[in-house]
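Chemist: Sequence and predicted structure, then a few things I'm wondering about:
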Amino acid sequence: MKTYLVGGAVRDKLLGLPVKDRDWMVTGATPEDMTRKGFRPVGQDFPVFLHPKSNEEYALARTERKSGHGYSGFVFHTSPDISVEDDLLRRDLTINAIAEDEQGQLIDPYQGQQDLQQRILRHVSPAFREDPLRILRVARFAARFYELGFTVAEETLSLMQEMVSEGEADWLVAERVWQETTRALDSKNPEIYFQVLYQVGALQVVMPEVCALYKSTPSLNSSALQVAAIESKDTVVRFACATVAETPEQKLAKLCQRMKIPVQFKGVAIICEKVLSFWGQDTLTAEESLTLLQQTDGFRRPERFEQILDACEILAQAAGHNHSWKEYLNKSLAACKALNVQDFLQQGLKGKELADALNNARIEAIRQL
């Protein structure tokens with residue numbers, strides 16, 4: 001029985017990056033051997049165990065055989081005679097197919113270290129084409145490591161394009177697409193994720209509603225994402241920058257519904273789509289300002305209000321609009337909130353009369369700015 005550190009931990013260690021999670025591979029062992037040593041089984045698709053003390057994941061070396069469509073269409077085989085090289089052969093990229101043994105020696109049968117040095121994302125073997133999720137993973141890695149100079153190998157891009165044309169990407173489920181997308185949005189160059197997916201034809205499959213936003217290089221949304229990656233760490237803001245168009249065609253709501261986008265992401269993006277046109281105006285009347293405050297839910301949800309303002313400011317900047325409405329709208333909201341509703345109630349106003357009086361007072365307060 002031998003244990004190897006594998007995957008991202010080895011890769012990031014070689015790149016000089018912080019190692020957050022460690023995954024282990026075990027050869028020469030059976031599930032019974034693992035349980036006798038106190039490991040707790042957790043895997044359903046293939047034997048994965050938790051270490052009795054560290055709780056880190058230990059997976060038995062395995063091989064895979066394609067048995068159906070999509071990322072789950074595999075039959076896994078584990079055996080004590082499966083070698084570390086056999087297991088690494090089934091991994092996605094060469095830079096993720098390096099193992100480190102218990103003495104600190106590297107096992108690198110597929111030249112992963114060379115690709116790390118040359119800053120190339122390259123698939124390990126033709127088996128890459130059997131899992132469409134790897135299309136998204138490569139795009140995500142391209143976004144994550146773009147600042148280090150990594151690019152996707154031409155042969156890997158070609159293989160990804162073939163997979164899309166053969167219909168493999170059609171089997172990706174919304175939940176997994178969203179999971180990879182949010183992880184990409186959290187990177188320093190999230191725009192690269194969408195650009196790579198567009199380049200290989202996958203964006204048309206997984207997010208057809210926003211695919212047209214990336215047909216030019218650089219596109220408005222790519223530019224907005226670049227700015228958002230610098231100015232905001234909020235993935236809700238970044239998602240809006242990635243998907244909101246200057247001239248919406250009612251497609252964003254469809255995307256959010258189909259992909260089961262969480263409500264906080266959906267709410268900010270759809271409201272941004274409705275109000276973004278205001279950022280193209282040179283002036284805002286007091287009435288328009290109040291409408292904006294109401295549409296962005298500034299009175300009831302200040303956190304979402306700030307997210308909407310941030311996203312609209314970034315999108316407007318990417319579109320070449322030089323003026324900013326954020327400070328003005330924050331001041332307008334403060335002026336409106338300074339009004340005492342009790343003053344109106346004491347006048348005996350209620351219902352529509354109360355609403356109209358309060359709106360008129362708010363408009364006047366904004367006008368006084």
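Modeler: Received, thanks.
Chemist: ok, which stretches of the stretch 251-369 of the chain are helices?
Modeler: Listed in chain order, the helices of the stretch 251-369 of the chain (DSSP state H, counting those that start in this stretch) span 252-258, 263-275, 286-295, 302-318, 326-337, 341-345, 351-367.
Chemist: Report all helices and strands that the fifth one contacts.
Modeler: The one in question is helix 326-337. Using 3 or more CB pairs under 8 Å, 6 or more residues apart in numbering; DSSP states H and E, the elements in contact with helix 326-337 are helix 286-295, helix 302-318, helix 351-367. C-beta here means a position set from N, CA and C on the backbone, and glycine is covered the same way.
Chemist: and those, which is most packed in?
Modeler: Among the helices and strands packed on helix 326-337, ranked by average contacts under mean count of other CB atoms under 10 Å, first place goes to helix 302-318 (a mean of 22).
Chemist: CA atoms only: put it into CSV for me.
Modeler: What follows is helix 302-318, C-alpha atoms only, in CSV (Å, rounded to 0.1, in the frame of the first residue of the first chain):
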residue,chain,number,x,y,z
PRO,A,302,-29.4,48.5,0.8
GLU,A,303,-27.0,45.7,0.2
ARG,A,304,-28.6,44.7,-3.1
PHE,A,305,-28.9,48.4,-4.0
GLU,A,306,-25.1,48.8,-3.7
GLN,A,307,-24.5,45.7,-5.8
ILE,A,308,-26.8,47.0,-8.5
LEU,A,309,-25.1,50.4,-8.5
ASP,A,310,-21.6,48.8,-8.6
ALA,A,311,-22.5,46.6,-11.6
CYS,A,312,-24.2,49.4,-13.5
GLU,A,313,-21.3,51.7,-12.9
ILE,A,314,-18.8,49.1,-14.2
LEU,A,315,-21.0,48.2,-17.3
ALA,A,316,-21.4,51.9,-18.1
GLN,A,317,-17.7,52.5,-17.8
ALA,A,318,-17.1,49.6,-20.2
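Chemist: Can you tell me what sits against that helix?
Modeler: Applying CB atoms under 8 Å, 6 or more residues apart in numbering, the contact partners of helix 302-318 are 220-221, 223-224, 227-228, 231-232, 234, 236-237, 240-241, 244, 246, 264, 267-269, 271-272, 275-276, 278-280, 293, 296-298, 324-326, 329-330, 333.
Chemist: Can you check what angle separates it from helix 286-295?
Modeler: Here the directions of helix 302-318 and helix 286-295 differ by 120 degrees (axes from the mean of the first three to the mean of the last three CA atoms, to 10 degrees).
Chemist: chain center to helix 302-318: distance?
Modeler: Centre-to-centre, helix 302-318 and its host chain are 18 Å apart (CA atoms, centre = their mean, to the nearest Å).
Chemist: can you check stretch 125-137 too?
Modeler: Per CA atoms, centre = their mean, the centroid offset for stretch 125-137 relative to its chain is 18 Å.
Chemist: just to revisit the earlier point, averaging pLDDT over each of the helices and strands packed on helix 326-337, report the lowest-scoring one.
Modeler: With a mean of 92, helix 351-367 has the lowest mean pLDDT of the helices and strands packed on helix 326-337.
Chemist: All set, thanks.
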